[in-house]
Each structure stands twice: as C-alpha cells, then as structure tokens.
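S.K.: the following comprises the amino acid sequence and a computationally predicted model.
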Amino acid sequence: MKVENLCIEGVLTIEPQYYEDYRGYYVESYSARTLHEYNIDNSFVQDNHLLTIRAGTLRGIHFQNNPKAQAKLVRCIRGSLLDVAVDLRKNSPSYRQWVSVILSADNRKQLFIPCGFGHACLTLTDNCEFQYKVDQFYEPSLDRAIAWNDPDINIIWPIERPIISQKDISAPLLRNSDINF
C-alpha cells in the first residue's frame with residue numbers, strides 16, 4: 001500500500017496495490033498489519049455501504065461524539081465523490097481546517113479519517129457507491145451533524161445547491177454544536 005499524509009496530521013490517503021491480469025484483479029483492500037506500519041492501529045468493528053443515486057448529493061458534516069467517536073476508512077467502489085475531513089478537535093492546531101480528496105472507482109484511493117474529525121462527501125457521479133469502516137459501533141444518541149455550509153469552516157464545494165437530507169438541512173453551525181472533542 002502507498003500511504004500519504006495530507007495537510008492535516010493524521011488524515012491519510014491510502015492506495016492499495018492491485019494485481020491485475022487478463023482475468024481482472026486482486027487487492028487487499030484492508031490489512032491491519034500493513035496499516036500498523038503507518039501507526040493506524042484502529043480495530044474496525046462495522047462496515048457501512050452507501051449508494052447515492054444522483055450526482056450532487058451531499059452528506060455531512062457528520063460525526064459521533066465521545067465516548068464513541070469514530071475513526072473511518074473510506075473508499076469509493078463505483079463512481080466518484082469528493083470526500084472531506086474536518087478537524088473538530090477544539091485544542092488542535094488545525095481546528096476547523098478541512099482537507100478533501102477525490103475518491104473514485106478509477107483512482108482506488110482510500111481516506112483514513114481519525115477520531116475527532118467530521119466527515120462529509122459530495123457525489124460527483126450518478127449511482128455512486130462507497131464503503132467505510134468505523135472503529136466504534138453506531139450510537140444514535142451520540143450521532144451529530146454540522147451544517148455543510150458553515151461559514152466558520154468554509155468548505156469550498158464545487159456546487160451551489162446540493163441535494164441534502166433533512167438531517168443536514170437542520171444541522172447546527174459549529175458554534176452552536178455540542179461537539180465534545
């Protein structure tokens with residue numbers, strides 16, 4: 001695997017090695033042993049698989065509060081999406097900063113998002129499918145969202161009017177959130 005640090009410490013892109021021939025390909029899409037070499041020692045407990053029908057659909061900024069904050073390992077298996085990690089750790093030197101990467105079935109990149117970060121994504125193609133592993137089980141009482149267009153975070157989205165859920169329409173601004181990182 002090729003692992004690269006992004007501009008916010010702890011957020012990494014991961015490019016697994018694909019072995020291809022006339023039959024197709026083989027890939028280790030996840031290897032705890034290999035990730036351990038890069039100090040990723042999370043024990044992932046749940047896989048989530050999402051299908052988004054229309055391009056221009058935005059999900060997030062989502063996170064789960066402590067004591068069940070989640071690290072995520074995200075990959076796109078069909079189509080393409082803009083994936084965003086936002087540092088929500090109040091004492092972090094990169095607090096409120098964000099980083100984005102295009103994940104696609106073609107580029108085969110994955111994004112590791114540590115605990116204490118919000119996660120958002122914008123589908124760039126119709127019928128986009130992505131999967132992500134988490135290291136804590138979903139806990140509805142700790143599930144949170146922040147407004148996708150929060151001016152204090154100021155994510156530069158390549159779309160003006162995305163398709164968003166009711167949860168994301170009513171998400172508070174960061175300054176009104178009960179975030180506890």
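M.R.: Structure's in. What do you need? Residues are numbered from 1 along each chain as shown.
S.K.: distance between stretch 110-130 and the chain's centre?
M.R.: Remark: stretch 110-130 is offset 4 Å from the chain centroid, using CA atoms, centre = their mean, to the nearest Å.
S.K.: let me fix that, I meant to ask about stretch 97-111.
M.R.: For stretch 97-111, the separation from the chain centroid amounts to 9 Å (computed by CA atoms, centre = their mean).
S.K.: what are the buried residues along it?
M.R.: Across stretch 97-111, burial judged by 16 or more other CB atoms under 10 Å covers 98-101, 103-104, 108-111. Every C-beta, even on glycine, is put in place using the N, C-alpha and C of the backbone.
S.K.: and it, how far apart are its ends?
M.R.: Stretch 97-111 has an end-to-end distance of 16 Å (criterion: CA to CA, to the nearest Å).
S.K.: and what of stretch 155-162?
M.R.: Start-to-end, stretch 155-162 (CA to CA) is 13 Å.
S.K.: what does stretch 33-44 give?
M.R.: Length of stretch 33-44, first residue to last, CA to CA: 13 Å.
S.K.: could you give me the average pLDDT of it?
M.R.: In this model, stretch 33-44 carries a mean pLDDT of 92.
S.K.: quick one on the thing from earlier: now for the buried residues of stretch 97-111: which two are most distant?
M.R.: Farthest pair in the buried residues of stretch 97-111 (CB to CB) is Trp98 and Arg108. Separation: 22.7 Å.
S.K.: where along this protein do the strands fall?
M.R.: Here the chain has its strands, by DSSP state E, at 2-5, 12-15, 18-21, 24-27, 46-52, 58-64, 72-78, 80-87, 98-104, 110-113, 117-123, 128-134, 143-145.
S.K.: looking at those strands, which is nearest to Asn154?
M.R.: With distances scored as CB to CB, the stretch of the strands of the chain nearest to Asn154 is strand 98-104 (8.2 Å).
S.K.: quick check: angle from that closest one to strand 80-87?
M.R.: Here the directions of strand 98-104 and strand 80-87 differ by 160 degrees (axes from the mean of the first three to the mean of the last three CA atoms, to 10 degrees).
S.K.: any chance you could list what contacts strand 98-104?
M.R.: 6-8, 11, 13, 74-76, 79-87, 109-111, 124, 130, 153, 155 (CB atoms under 8 Å, 6 or more residues apart in numbering).
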